[in-house]
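S.K.: Quick one, structure for this:
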Amino acid sequence: MATERVDLDGKPIAAMTICMIGAGGFIGSHLCEKLLAETGHTILAVDVYNDKIKHLLEPPPAENRIQFHRLNIKNDSRLEGLIKMSDLVINLAAICTPADYNTRPLDTIYSNFIDAIPVVKFCSENNKRLIHFSTCEVYGKTIGSFLPSDHPLREDPDFYVLKEDVAPCIFGPIGKQRWSYACAKQLIERLIYAEGAENGMEFTIVRPFNWIGPRMDFIPGIDGPSEGVPRVLACFSNNLLRREPLKLVDGGVSQRTFIYIKDAIEAVLLMIENPARANGHIFNVGNPNNEVSVRQLAEIMIKVYANVSKEDPLEEPTVDVSSKEFYGEGYDDSDRRIPDMTIINKQLGWNPKTSLWDLMDSTLTYQHRTYAEAVKRSVAKPMASS
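M.R.: Presented below is the predicted three-dimensional model:
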């Protein structure tokens, strides 16, 4: 680590204490690694689980720059004290798995809005800067999705590229509970923005666009519930590990962009260390160059995993399922999510680097190395007992 680090304007970066809520998750674990490896900042890591950062906690590092505090932010009085001890608060805590939006809409709304209110309140009252993680789902459906399928304006970027300060947030009807997550996330964004406008709270809002990499979600029955349904990367990884066809919901026609977690964390570090450039902004963090349909994503993952595992793909590697069958009643979807990168490039000079193929190679290599043997054992157990 360099003895003195400077920000984008050439000013020295002072060491700070960061209260990171949700530090034990996928994004938090990678951000903790980055902060400990490349900066002098201290982390107060707050979460109910620490499995994904255990390697950073045991044995305790000599500098003691990370402390784990096991608490649930919804009912623990220690939270305000930790925020008061900090220079910066980063809130990553959320329920963010699409399968839960239908089956656990109340938990989804409480986790992403109600439980986040005290964090915003404590930051505002104690004059602490807040970096809050939202979601690209706040954009909902594109304007272009409401045009006829053959309408030429569907190919006009103004009708599908999502801009932080321009694009409307278009959700489905109330009965489509899939939008419970997006609505809760949008409302907490509005609360944070209002605290900034009325009370001068310093804030930055991050809208991630499908961050992908090692330690994302879980593999059902291995390090998560057998009946669990993680996000698409882990779902497809689970199918590949078990040599099952990849399930394409409603034909896999929805289009998404994917970004490597290490690229995204570079952007977050710039936000942390350049408050003058990041305060008051909402940032898309994604890779518009990595856009594919979910079906194309499955095809890429099948090819990459065959190369990683040295196993031939199945003769019929995918199967179509309806969203009702996969997610249950009340599911709805957005057609396309392409981030506009103008604001983050202008303010922080950041652009993503890693291609879709390279990020899949890195991620699936990790998945195979971490889970392949455990999955084989779990598959063999029922066969042995039958």
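S.K.: Cys169: neighbour count?
M.R.: In terms of burial, Cys169 registers 16 neighbours under the definition other C-beta atoms under 10 Å. Heads up, the C-betas are built off the backbone N, CA and C, glycines and all.
S.K.: Could you report the distance from it to Pro352?
M.R.: Cys169 sits 24 Å away from Pro352, going by C-beta to C-beta, to the nearest Å.
S.K.: Please apply the same query to Ser134.
M.R.: In this structure, Ser134 lies at 18 Å from Pro352, with C-beta to C-beta as the measure.
S.K.: Surely Ser145 and Asp333 touch.
M.R.: No: here Ser145 lies out of contact with Asp333, judged by C-beta atoms under 8 Å, at a distance of 9.7 Å.
S.K.: Between those two, which contacts overlap?
M.R.: Applying C-beta atoms under 8 Å, 6 or more residues apart in numbering, one finds that no residue jointly contacts Ser145 and Asp333.
S.K.: picking that back up, Ser134 and Pro352: which is more packed in?
M.R.: Each of Ser134 and Pro352 had its neighbours counted (other C-beta under 10 Å), and the higher figure belongs to Pro352 (25 against 22).
S.K.: Would you check that that one makes contact with Lys262?
M.R.: No: the criterion here is C-beta under 8 Å, and Pro352 misses it with Lys262 at 9.9 Å.
S.K.: Tell me the first helix or strand C-terminal of the strand or helix carrying Pro118.
M.R.: Using DSSP states H and E, Pro118 sits in helix 117-125. For helix 117-125, the following helix or strand on the C-terminal side (DSSP H and E) is strand 129-133.
S.K.: so what's the residue nearest to Lys247 when sequence neighbours are not counted up against?
M.R.: In this structure, Lys247 finds its nearest non-sequential neighbour in Val321, 4.9 Å apart by C-beta to C-beta, 6 or more residues apart in numbering. For Val321, the contacting residues are 247-250, taking C-beta under 8 Å, 6+ apart as the criterion.
S.K.: Can you convert the residues you listed into TSV and add a column each for secondary structure and distance to Ala306?
M.R.: As requested, the contacts of Val321 are exported to TSV (DSSP: H, G, I helix; E, B strand; the rest coil; distance: C-beta to C-beta, whole Å):
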residue	secondary structure	distance to Ala306
Lys247	strand	18
Leu248	strand	18
Val249	strand	23
Asp250	helix	25
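S.K.: Can you lay out those as TSV showing pLDDT and distance to Gly221?
M.R.: Conversion of these to TSV gives the following (pLDDT from 0 to 100; distance: C-beta to C-beta, whole Å):
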residue	pLDDT	distance to Gly221
Lys247	93	16
Leu248	93	22
Val249	90	21
Asp250	89	25
